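Visitor: need coordinates for the below:
(one chain, ligands or ions: 2)
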Amino acid sequence: MARDIAWALANSDLIHDRDTLESAIARMAQPIAADFAGSVPVFLTIMHGGLPFAGRLAMEIGALGVDLAFDYLHATRYRGATSGGELTWKHRPATPLAGRRVLLADDILDEGHTLRGIVQWCRDEGAAEVRIAALAVKKHDRCVDGVCADYHGVEVPDRYVFGYGMDFQEQGRNLPAIYALTDEALRNL
Ligand SMILES: O=P(O)(O)OC[C@H]1O[C@H](OP(=O)(O)OP(=O)(O)O)[C@H](O)[C@@H]1O
Ligand SMILES: Nc1nc2[nH]cnc2c(=O)[nH]1
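Guide: Numbering: from 1, shown residues only. Ligands and ions are numbered 1, 2, ... in the order given. Predicted coordinates for the structure are as follows:
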C-alpha cells in the first residue's frame with residue numbers, strides 16, 4: 001500500500017483536535033501580547049511547518065492590540081524525512097534584525113537543533129532579543145542544552161507527529177489537528 005497521507009492517518013492516533021489547538025494558540029497570545037506591549041517585534045514565521053500556526057497566532061496577538069512586523073525564513077533539517085540531519089537554510093529574512101525584538105513562530109520544538117541554529121543566526125544579526133513561540137513541544141529529554149520555548153501551546157508524545165503545519169512526507173500539513181504515527185508504522189516506512 002502507498003505510504004500516502006491516507007495510510008498515515010489510518011496508522012496514527014489523534015493527539016490534539018482543532019479546538020484544542022486553537023484554544024491553546026489563543027492562550028499563548030496573552031503572555032506574548034503582555035511581554036511585547038509597546039514594541040513592534042519582528043515576527044518570523046519558520047517555513048513551512050510554522051505557517052498555519054503563525055497565521056493564527058498573529059491574529060490572536062493583533063486582537064490584543066500588539067502590532068507585528070512580518071517576515072519569514074526557511075531552515076530545514078528534515079526535508080520531508082522522519083529523522084533530522086544537517087540544518088539547511090533555504091531563505092533568510094530580508095528585514096534587518098539589528099536592535100529589534102524578534103519573535104520566532106514554529107510548529108514544533110523537537111530536539112531543538114533547528115531553533116538553536118535560527119536563534120544563533122538572529123543574535124549574530126544583532127537582534128536585541130529573540131523569543132520562541134512553538135505550537136507543540138515534544139516530550140523527551142533529548143532537547144539540546146539552552147533551547148526552550150518561551151511560549152508553547154501543547155505537548156506531544158515522543159513519536160512522529162503530523163498535521164497543523166507538520167508534514168508526513170510533505171503531505172498533511174493542512175490537516176487541522178495533530179496526529180502521531182504509530183511506532184509500528186514508523187518502523188514499516
Ligand atoms: O527541533 P528539531 O528536531 O530541530 O525539529 C524541529 C523542526 O523540524 C521541522 O522542520 P523541518 O526541518 O521538517 O522543515 P519544514 O518545516 O519545512 O517541514 C519543524 O518545523 C521544526 O522547525
Ligand atoms: N512532521 C514532523 N516534523 C518534525 N520535526 C521535528 N520533529 C517532527 C515531527 O515529529 N514531525
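
Visitor: per-residue pLDDT, the nearest residue to Y151 once chain neighbours are set aside?
Guide: With C-beta to C-beta, 6 or more residues apart in numbering as the criterion, Y151 has its nearest non-adjacent residue at 4.4 Å, and that residue is A133. (Glycine included, C-beta is placed from N, CA and C.) At A133, the pLDDT value in this model is 98.

Visitor: let's verify A133: helix, strand, or coil?
Guide: strand (DSSP: H, G, I helix; E, B strand; the rest coil).

Visitor: what residues are up against it?
Guide: If you count contacts by C-beta atoms under 8 Å, 6 or more residues apart in numbering, A133 has them with 28, 32, 57, 103-106, 149-152.

Visitor: now the helices for the protein?
Guide: Listed in chain order, the helices of the chain (DSSP state H) span 5-10, 18-36, 51-63, 113-124, 183-187.

Visitor: quick check: angle from the second one to helix 51-63?
Guide: Put plainly, it is helix 18-36. In terms of direction (axes from the mean of the first three to the mean of the last three C-alpha atoms, to 10 degrees), helix 18-36 departs from helix 51-63 by 50 degrees.

Visitor: the fourth one now?
Guide: What separates the directions of helix 113-124 and helix 51-63 is an angle of 50 degrees, with the same axes, to 10 degrees.

Visitor: for helix 113-124, the averaged confidence score.
Guide: Computed over helix 113-124, the average pLDDT equals 96.

Visitor: next one: the second one
Guide: Per-region confidence: helix 18-36 scores 98 on mean pLDDT.

Visitor: in that helix, what's buried?
Guide: Residues 21-22, 24-26, 28-29, 32-33, 35-36 are the ones in helix 18-36 that count as buried (16 or more other C-beta atoms under 10 Å).
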